[in-house]
Every structure is written in C-alpha cells, then in structure tokens.
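Engineer: Provided below are the primary sequence and the corresponding predicted coordinates.
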Amino acid sequence: MGVVLRFVLLGTAAGGGFPRWNCACARCAAARDGKLPARGPECAAVTGNSRDWWLLNTSPDIRTQLTAASALWPSPRHTPVRGVLLTDAEANHVAGLSVLRDVPGLKTYASPPVLAALAPARAALDRHDPWEWADSLTEGGFVLAGGLVVTAHPVAGAPPAYVPARASDERWVTAYRVEDLATGCVLVYAPRVHTWSPMLDDLIETADCVVMDGTHFAADETPQAGRRLCVSGPAGSLAALERHPHARRIYTHLTDTNPLLDPASAARAQVTEAGVEVLPDGAEFVI
Ligand SMILES: [Zn+2]
C-alpha cells in the first residue's frame, strides 16, 4: 500500500458497545449468543501513507481495537499511531487516551471547549510523557504527517454530562474533513450529529466517503431518539445522504436499540437499498 487514503473502522457501536455489558435486551442477548455481530464503541483510524496513522476518537476498548487491526500494529520499536482527532469530549470518545499514555509526543486535536473540559485528564497524561494538544478549529485547518489536510466543523451538539458548567457552545461537537494531498480524496467523519444542517451537505458534496452518525434508526425507538437526528424519516440522515450518491456512505455509532444491528432487519434492507452501508468492526478500505 503506497500513498493512498486508507481508513479502518475500529469500532461502530454507540458508547456502551454492543452488547452493552449491563443490558439484557433481545439484541444484546443475541450478540452475546453470537447471533448478531458484536461491536466495540465507535472510533476509527486514517492514514495517507500507510505509515503514519491518526485515530479518530479513542474508545475505552482502544487496546482491543488496535490489537485487532493489523495495519496499526507496532514495528519492533515504534507504533504507527501519531495522534488523535477528537470529535467531542464524551467519555466513550476520550477514555482511550489513558490507554495510549505511554506513547511519547502523541498529538491530540480537539476544539477549545473540549480541550478545556479535558484539562484535568491532560495534566495527568502529560505527567507520563508530555503530549501536544492542539486546537482542531484553527483557522485554515491543519496538516498531519502522511500528507493529510484536516478541517474540523462544528455540528450542533451538547457538552458531556461530566462538564459542571454545561455552557452552551456550538463547538462542543465537531465533524472532520480529511483530505489526502496526493490523491485529492476526501473523507468526512461525523459520528455524532444532533441535527442535520446545510453545512453537512456542503461538506459531503466534495467527499468521496462519509462516515455518519447512525445512533438511532427511528424517532420512536427511545425517548432520546425523538430529540435528535435519526436515520429514517423525512428529516432523517438517510434522506439527506441520498442526496449524495457519488460518495461512499457508511453508518457508525449504532446503539443497541437500533435495528440496523441486525443484518436481517427491514431497516438494514432499507438502508442497503439506498446505497448506504453498515460495516463490521475492523473493516478497512482505501478511499
Ligand atoms: Zn441492549
């Protein structure tokens, strides 16, 4: 593999993973029985040269997820993991940072409120081996080792529950646009989207591949589902993604109430018919 944009889905479930350790619903039980594919909490990795890899979020299961992804295995002396791009400060996206604590000089990008919320964790991590912490929303974006140009884009979203002030700030949750300078290929990674916006259409218009929040399938799935973006429905993400048939489109961050977890479900058939994919953990491909 030479100079191309490569991507690995390390985990594709919502925060609790699938099955969730403390849930006995029919789907979690089926996953425990091996009847549905189990999934780890959502995170991913991207590279432009197959040598320098960048993580998109770090789940509590990152050790297991990196162990399962041969592309990210260490050489005798070095890990190919250069750093982390955080979409937000949710515990399931930042908990894996502590697993990576013995990697010297790791560079982590996040928006200013996320960096502020992580101040205590950053101080603890920096005592192991000082890391670089950088503003993901810096003007004009930033360049990563491996020839990637990245911009972060705020999407509507709330701060995590552990933030005491709960200040309203549109920068709490971001999506990433990753462009490979050598090929011009573009990945959009948006695993947490509260409501669809024209900005997302603009972002996806120039993308070759989109990895999108698929937490809930239907608004009546749970009380929370009715208050946020769902896959189905006239205002759902599937209708929006159908406007962009040129791009490879993939759902991630599936919660255990989501029927898309079942390959035999009508929901999965509907999404497949629309040309949008649900892939297993560990799926790796070139963009
Ligand atoms: Zn469950």
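Structural biologist: Now that the structure is in, tell me what you want to look at. A quick note: this is a predicted structure, and the numbers were derived from the prediction, not measured.
Engineer: CA atoms for contacts and neighbours, from now on please.
Structural biologist: Fine.
Engineer: Residue 287: neighbour count?
Structural biologist: 18 (other CA atoms under 10 Å).
Engineer: Adjust the sequence numbering to begin at 51 for everything that follows.
Structural biologist: Shifting the count to begin at 51 puts that one at residue 337.
Engineer: which residue sits closest to it, ignoring its sequence neighbours?
Structural biologist: residue 55 (5.4 Å; CA to CA, 6 or more residues apart in numbering).
Engineer: what residues are up against the closest residue to the ion within the stretch 201-337 of the chain?
Structural biologist: Nearest residue of the stretch 201-337 of the chain to the ion, counting by CA to the ion: residue 306, 4.9 Å away. Neighbour list for residue 306: 63-64, 68-70, 77-78 [criterion: CA atoms under 8 Å, 6 or more residues apart in numbering].
Engineer: Wait, a strand at it?
Structural biologist: No - membership of residue 306 in a strand is not supported by DSSP: H, G, I helix; E, B strand; the rest coil, which gives coil.
Engineer: And it, what's its pLDDT?
Structural biologist: We have a pLDDT of 96 for residue 306.
Engineer: ditto for residue 216
Structural biologist: In this model, residue 216 carries a pLDDT of 65.
Engineer: since we're on residue 183, how many residues are nearby?
Structural biologist: 17.
Engineer: next one: the one 4 residues further on
Structural biologist: Each residue near residue 187 was counted by other CA under 10 Å, and the total is 20.
Engineer: Report the separation between it and residue 193.
Structural biologist: 12 Å (CA to CA, to the nearest Å).
Engineer: before we move on, what about residue 335?
Structural biologist: Taking CA to CA, one finds residue 335 at 22 Å from residue 193.
Engineer: Please identify which of those two sits among more neighbours.
Structural biologist: Using other CA under 10 Å as the criterion, residue 335 and residue 193 rank with residue 193 on top: 15 against 11.
Engineer: My reading is that the more buried one is in a strand; is that accurate?
Structural biologist: Yes - applying three-state DSSP, one finds residue 193 inside a strand.
Engineer: wait, what's in contact with the nearest residue to it once chain neighbours are set aside?
Structural biologist: Counting by CA to CA, 6+ apart, residue 193 lies nearest to residue 199, which is 4.5 Å off, once chain neighbours are set aside. Applying CA under 8 Å, 6+ apart, we find residue 199 in contact with 191-193, 228-231.
Engineer: so which helix or strand takes in residue 199?
Structural biologist: strand 198-205 (DSSP states H and E).
Engineer: got a pLDDT number for residue 84?
Structural biologist: 96.
Engineer: So which residues make contact with stretch 257-274?
Structural biologist: Contacts for stretch 257-274 (CA under 8 Å, 6+ apart): 63-64, 235-243, 254, 275-283, 287, 296-305, 307-310, 317, 337.
Engineer: And it, what's buried?
Structural biologist: 257-269 (16 or more other CA atoms under 10 Å).
Engineer: ok, which stretches of this structure are helices?
Structural biologist: For the chain, helices defined by DSSP state H occupy the ranges 76-82, 112-118, 141-144, 162-167, 169-178, 248-255, 287-291, 316-323.
Engineer: Kindly present those helices as TSV, with separate columns for mean neighbour count and distance to residue 96.
Structural biologist: Listed next are the helices of the chain as TSV, based on neighbours: other CA atoms under 10 Å; distance: least, CA to CA, whole Å:
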stretch	mean neighbour count	distance to residue 96
helix 76-82	18	28
helix 112-118	17	13
helix 141-144	20	16
helix 162-167	19	21
helix 169-178	14	23
helix 248-255	15	18
helix 287-291	20	22
helix 316-323	16	24
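Engineer: Just give me the lowest mean pLDDT stretch among these.
Structural biologist: helix 169-178 (a mean of 89).
Engineer: Check the gap between residue 83 and the ion for me.
Structural biologist: Distance, residue 83 to the ion, using CA to the ion, to the nearest Å: 13 Å.
Engineer: Then residue 135?
Structural biologist: From residue 135 to the ion the distance is 29 Å (CA to the ion).
Engineer: nearest residue to residue 224 other than its sequence neighbours?
Structural biologist: Closest to residue 224 by CA to CA, 6+ apart is residue 204, at 4.1 Å.
Engineer: Repeat that for residue 57.
Structural biologist: residue 96 (4.5 Å).
Engineer: So the one you found sits against residue 60, correct?
Structural biologist: No - using CA atoms under 8 Å, residue 96 makes no contact with residue 60, being 10.3 Å away.
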